[in-house]
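*Asks:* Structure for this input, please:
(one chain, ligands or ions: 1)
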Amino acid sequence: AEERLNQAQKLEAIGQLTGGVAHDFNNLLTIIVGNLDMIVRKPDNAQRVERLAASAMTAAKRGAEVTEKLLSFSRRQVLRPETVNPNRLLKDFRALLQRAVGEAVEVRLDLDASLDPVRLDPGQFESAVLNLAVNARDAMPGGGSLTVKTCNAHLDAQEIAERPDLRPGAYVLVSVSDTGQGMDAGTLARAFEPFFTTKDVGKGTGLGLSQVYGFVRQAGGHAQIKSEVGRGTSVELYLPRSAEKAVESRPDGPLPLRRAA
Ligand code: ADP
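*Replies:* This is a model prediction of the structure:
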């Protein structure tokens, strides 16, 4: 059950942007300005200053998260596609993935050693997998496991009948699965929509899965979700296989979690 982002949804999303995200953003700025104001008025109590500064910092970081997601959603970001082996990228940021999900979640990599290369922007791929990992963590408040699996796959004409932009053929499948609460039918149908979230205000922006969707579409691939309430969720990313040979490593090593825009 995959929801396509059509033009009307995009326009609706832009409308909601001014209403929803700008509102959240304003709340965060209110906290930051308020705390700084309290510090300026009474700067001599070090403990109080520290507490107010820490709370302003948390609000500022949350704001940075929102803008980062908006940037990747707006797709105006410069893409730097490379021919890579997804296994290598996944191994490179395994530690980062583990940190993102916390100790209660076990991260497993199930990587096909004969995986073909794909052509994609490694930074976008990393953000997509991180977004999926964070969603998985949120779906497993009591802990569980997150499995990232890779394999060579084939999409036949029938499977992609509704997708005239896709060609049947050779793909690499990267699936990110959790043992969490799963999605009900209503959530599943809308999950890829920008700004659709079932999370509390301040906890979810509803942009995680739309970033994933946008990334996969840009890479010429296909994304779908399989989910069962009470059992877990699998997000499957089909990325077109590349005929080129993968570059062995990037000169600057694995990408940092956040790059300055
Ligand atoms: P956000 O995480 O900010 O809410 P997303 O676009 O990433 O935005 O996800 C949209 C919604 O899809 C979430 O609010 C949640 O209801 C559902 N969802 C996403 N991933 C999962 C998952 N792994 N397990 C259960 N529900 C999920």
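
*Asks:* Please identify which helix or strand holds Phe195.
*Replies:* Counting by DSSP states H and E, no helix or strand carries Phe195.

*Asks:* Same question for Leu173.
*Replies:* Per DSSP H and E: strand 169-178 holds Leu173.

*Asks:* per-residue confidence averaged over the next helix or strand after that strand?
*Replies:* Using DSSP H and E, the helix or strand that follows strand 169-178 in sequence is helix 185-190. Helix 185-190 carries an average pLDDT of 94.

*Asks:* Any figure for the gap between Gln124 and Ser175?
*Replies:* Using Cβ to Cβ, to the nearest Å, Gln124 is found at 18 Å from Ser175. Bear in mind the C-beta positions are built from the backbone N, C-alpha and C, glycine included.

*Asks:* ugh, wrong one, I meant Asp37
*Replies:* In this view, Asp37 and Ser175 are 49 Å apart by Cβ to Cβ.

*Asks:* So which of the two has more stuff around it?
*Replies:* Ser175 (19 against 11; other Cβ atoms under 10 Å).

*Asks:* doesn't Val148 make contact with the more buried one?
*Replies:* Yes. Using Cβ atoms under 8 Å, Ser175 makes contact with Val148 at a distance of 7.4 Å.

*Asks:* Report pLDDT for the residue of the stretch 151-261 of the chain found nearest the ligand.
*Replies:* For the stretch 151-261 of the chain, the residue closest to the ligand is Gly208, as judged by Cβ to the nearest ligand atom, at 2.5 Å. Here the pLDDT value assigned to Gly208 is 89.

*Asks:* any residue of stretch 56-65 up close to the ligand?
*Replies:* No. Stretch 56-65 lies apart from the ligand when judged by Cβ under 6 Å from any ligand atom; the minimum separation is 10.0 Å.

*Asks:* In that stretch, which residues are buried?
*Replies:* Within stretch 56-65, the residues that count as buried by 16 or more other Cβ atoms under 10 Å are Ala56, Ala59, Arg62, Gly63.

*Asks:* So which of those belong to strands?
*Replies:* Assignment to strands by DSSP state E places none of the buried residues of stretch 56-65 there.

*Asks:* Of the residues you listed, which is the nearest to the ligand?
*Replies:* Comparing the buried residues of stretch 56-65 against the ligand with Cβ to the nearest ligand atom places Arg62 closest, at 12.2 Å.

*Asks:* my guess is the closest one meets Asn27, correct?
*Replies:* No. The criterion here is Cβ under 8 Å, and Arg62 misses it with Asn27 at 9.6 Å.

*Asks:* what does the stretch 51-200 of the chain have sitting close to the ligand?
*Replies:* Residues of the stretch 51-200 of the chain lying near the ligand (Cβ under 6 Å from any ligand atom): 131, 135-136, 139, 178, 180-183, 187, 191, 196-199.

*Asks:* Greatest separation within those: which pair is it?
*Replies:* Asp178 and Phe196 (18.7 Å; Cβ to Cβ).
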